[in-house]
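Enquirer: Build me a structure from this.
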Amino acid sequence: MSTTRSDDNYVWGQAIQEAMAARGCEMTLEESRQFVRTLLGLFECGAFVFVDAEGNDLPWDQPESRPNVK
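Expert: From the prediction side, this is the model:
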């Protein structure tokens with residue numbers, strides 16, 4: 001079964017909501033999903049750029065170059 005961007009936003013939204021709650025900040029699931037959509041949009045348009053330890057840009061559109069987020 002393939003996932004859609006909407007599915008990904010839901011999963012990320014839940015993760016953001018749980019992380020914020022653990023820090024004492026209450027956020028609805030819809031608020032956390034909107035946060036995810038906004039954040040992903042900023043990455044996609046190049047407003048945020050990941051860099052490696054040497055300062056080299058890591059392109060967001062190439063999954064193999066994305067940082068391993070745990």
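Enquirer: can you tell me which helix in the chain is longest?
Expert: When the chain is parsed with DSSP state H, its longest helix is helix 5-22.
Enquirer: what's the offset of that one from the middle of its chain?
Expert: Chain-centre distance of helix 5-22: 9 Å, with CA atoms, centre = their mean, to the nearest Å.
Enquirer: Would you tell me what the next helix or strand after it is?
Expert: helix 29-44 (DSSP states H and E).
Enquirer: How about that following helix, which residues are buried there?
Expert: For helix 29-44, the neighbour count (16 or more other CB atoms under 10 Å) marks 32-33, 35-36 as buried. All C-beta atoms are positioned from the backbone trio N, CA, C, and that covers glycine.
Enquirer: And the next helix or strand after it, what does it pack against?
Expert: Using DSSP H and E, the next helix or strand after helix 29-44 towards the C-terminus is strand 50-51. The contact analysis (3 or more CB pairs under 8 Å, 6 or more residues apart in numbering; DSSP states H and E) places strand 50-51 against strand 57-58.
Enquirer: average model confidence for the strand it packs on?
Expert: In this model, strand 57-58 has an average pLDDT of 79.
Enquirer: Which strands or helices does that strand pack on?
Expert: Strand 57-58 sits against strand 50-51, with contacts defined as 3+ CB pairs under 8 Å, 6+ apart.
Enquirer: Partner strands of the strand it packs on and their direction?
Expert: strand 57-58 (antiparallel) (DSSP bridges).
Enquirer: Give me the distance from the partner strand to the chain's centre.
Expert: 16 Å.
Enquirer: for stretch 35-47, same thing?
Expert: From the chain centre to the centre of stretch 35-47 is a distance of 8 Å (CA atoms, centre = their mean).
Enquirer: Quick check: chain neighbours aside, which residue is closest to V49?
Expert: Nearest non-adjacent residue to V49, counting by CB to CB, 6 or more residues apart in numbering: D57, 5.4 Å away.
Enquirer: re the thing from before, and the longest helix of the chain, what does it pack against?
Expert: Counting by 3+ CB pairs under 8 Å, 6+ apart, helix 5-22 packs on helix 29-44.
Enquirer: got the angle for the helix it packs on vs helix 5-22?
Expert: 110 degrees (axes from the mean of the first three to the mean of the last three CA atoms, to 10 degrees).
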